[in-house]
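Q: Sharing a model that was predicted from the sequence below.
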Amino acid sequence: MTRLAMIGLLLLALGVLALAIPTFTYFTTERTADTNFFKIDVSRPHTVVINPLVGAGLLIAGLLFMILGRRVRD
């Protein structure tokens, strides 16, 4: 398997993943008040949205790399 074909396979996997999971959320914790005996922490969500066009672009690029990888090998 050539290097281009391996990159194409990776891009295909990332494209399927991007289409399957369009958003993910992670949380950060911030300290809002801090005294000697009293502490307040606030957990805030951050959502990352992945455009479906990115997933489709990764799939197309992966297919092109797979085709180019086969042509280079022949």
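A: Perfect, thanks for sending it. Numbering: from 1, shown residues only.
Q: residues near Leu11, how many?
A: Look at Leu11: counted by other CB atoms under 10 Å, it has 20 neighbours. (Each C-beta comes from the backbone N, C-alpha and C, glycine too.)
Q: Who are the contact partners of the closest residue to it other than its chain neighbours?
A: Counting by CB to CB, 6 or more residues apart in numbering, the nearest residue to Leu11 once its immediate chain neighbours are dropped is Gly62, at 3.4 Å. Neighbouring residues of Gly62 by CB atoms under 8 Å, 6 or more residues apart in numbering: Gly8, Leu9, Leu10, Leu11, Leu12, Ala13, Leu14, Gly15.
Q: List only buried entries from those residues.
A: Buried members of these, scored by 16 or more other CB atoms under 10 Å, are Gly8, Leu11, Leu12, Leu14, Gly15.
Q: one step back: restricted to helices, list the contacts of Gly62.
A: Counting by DSSP state H, the part of the contacts of Gly62 found in helices is Gly8, Leu9, Leu10, Leu11, Leu12, Ala13, Leu14, Gly15.
Q: can I get these in a markdown table with distance to Thr35 and pLDDT?
A: Shown next, in a markdown table, are the ones in helices among the contacts of Gly62 (distance: CB to CB, whole Å; pLDDT from 0 to 100):
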| residue | distance to Thr35 | pLDDT |
| --- | --- | --- |
| Gly8 | 57 | 93 |
| Leu9 | 55 | 94 |
| Leu10 | 50 | 95 |
| Leu11 | 52 | 95 |
| Leu12 | 54 | 95 |
| Ala13 | 50 | 95 |
| Leu14 | 47 | 93 |
| Gly15 | 50 | 94 |
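Q: and stretch 59-73, which residues are buried?
A: Going by neighbour count (16+ other CB under 10 Å), the buried part of stretch 59-73 is Leu59, Ala61, Gly62, Phe65, Met66, Gly69.
Q: Could you export the helix or strand hosting Phe65 as PDB, CA atoms only?
A: Using DSSP states H and E, Phe65 sits in helix 52-73. What follows is helix 52-73, C-alpha atoms only, in PDB (Å, rounded to 0.1, in the frame of the first residue of the first chain):
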ATOM      1  CA  PRO A  52     -21.300  18.300   6.800                       C
ATOM      2  CA  LEU A  53     -19.500  19.800   3.800                       C
ATOM      3  CA  VAL A  54     -16.200  19.200   5.600                       C
ATOM      4  CA  GLY A  55     -17.100  15.500   6.000                       C
ATOM      5  CA  ALA A  56     -18.100  15.300   2.300                       C
ATOM      6  CA  GLY A  57     -14.900  17.000   1.300                       C
ATOM      7  CA  LEU A  58     -12.800  14.600   3.300                       C
ATOM      8  CA  LEU A  59     -14.600  11.700   1.700                       C
ATOM      9  CA  ILE A  60     -14.000  13.000  -1.800                       C
ATOM     10  CA  ALA A  61     -10.300  13.800  -1.000                       C
ATOM     11  CA  GLY A  62      -9.900  10.300   0.500                       C
ATOM     12  CA  LEU A  63     -11.300   8.700  -2.700                       C
ATOM     13  CA  LEU A  64      -9.000  10.800  -4.900                       C
ATOM     14  CA  PHE A  65      -6.000   9.900  -2.800                       C
ATOM     15  CA  MET A  66      -6.900   6.200  -3.000                       C
ATOM     16  CA  ILE A  67      -7.300   6.400  -6.800                       C
ATOM     17  CA  LEU A  68      -4.000   8.300  -7.100                       C
ATOM     18  CA  GLY A  69      -2.300   5.800  -4.800                       C
ATOM     19  CA  ARG A  70      -3.400   2.900  -7.100                       C
ATOM     20  CA  ARG A  71      -2.200   4.700 -10.200                       C
ATOM     21  CA  VAL A  72       1.200   5.400  -8.800                       C
ATOM     22  CA  ARG A  73       1.700   1.800  -7.900                       C
END
